[in-house]
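J.: Using only what follows, build the 3D model:
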Amino acid sequence: SHTLSKDYFAYAGPGFKGRNTGYLNLAFSQEVAPKITAKASVGYTRFGGDIAAPNYLDYSVGGAYDFGSGLSLGAAVVGATKKDYFGPVNQSRVIVTLTKTL
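T.: Below is the predicted model of the structure:
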């Protein structure tokens, strides 16, 4: 994605611009056994304009199990770089999801 508007979700602040901020994500998923899918992704955020925040990488590695009938259970280790700047939001953690499609 690439920001064409003057600001990036008002992140730059009043009177400042965030134009040309961008995000690139590469993702991969592969069924490794019946009903089991391995997943991985890496993303890169580049801040533009007047935003003084450092660019960073984010990542996710995990998998999912399909129970059928639209019910699945997933788990992944997710996190990002620049933890010193962004704080706990970028710390690595395990996320578990239970989803049901209608």
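J.: When you work out contacts or count neighbours from here on, use the C-alpha atoms and nothing else.
T.: Noted.
J.: Residue 27 sits in which helix or strand?
T.: strand 22-33 (DSSP states H and E).
J.: and the next element down the chain from that strand?
T.: Following strand 22-33 in sequence, per DSSP H and E, is strand 36-46.
J.: Give the rounded mean pLDDT of that following strand.
T.: Mean pLDDT, strand 36-46: 98.
J.: What is the subsequent helix or strand relative to it?
T.: strand 56-68.
J.: buried ones in that following strand?
T.: Residues of strand 56-68 classed as buried: 56-65 (neighbour count, 16 or more other CA atoms under 10 Å).
J.: Which helix or strand in this protein has the lowest average pLDDT?
T.: Least confident helix or strand of the chain, by mean pLDDT, DSSP states H and E, is helix 83-86 with a mean of 93.
J.: downstream neighbour of that helix in the secondary structure list?
T.: Following helix 83-86 toward the C-terminus (DSSP H and E): strand 93-100.
J.: can you count the residues close to residue 76?
T.: 19 (other CA atoms under 10 Å).
J.: I meant to write residue 82 there.
T.: 15.
J.: where's the closest residue in space to residue 8 that isn't next to it in sequence, which helix or strand?
T.: Ranked by CA to CA, 6 or more residues apart in numbering and with sequence neighbours excluded, the top spatial neighbour of residue 8 is residue 18, at 4.9 Å. Assigned by DSSP H and E, residue 18 belongs to no helix or strand.
J.: For residue 2, see how far away residue 18 is.
T.: Distance, residue 18 to residue 2, by CA to CA, to the nearest Å: 11 Å.
J.: Which residue of the two possesses the greater neighbour count?
T.: residue 18 (23 against 14).
J.: Now do the same for that one: its pLDDT.
T.: Residue-level confidence at residue 18 comes out at 90, pLDDT.
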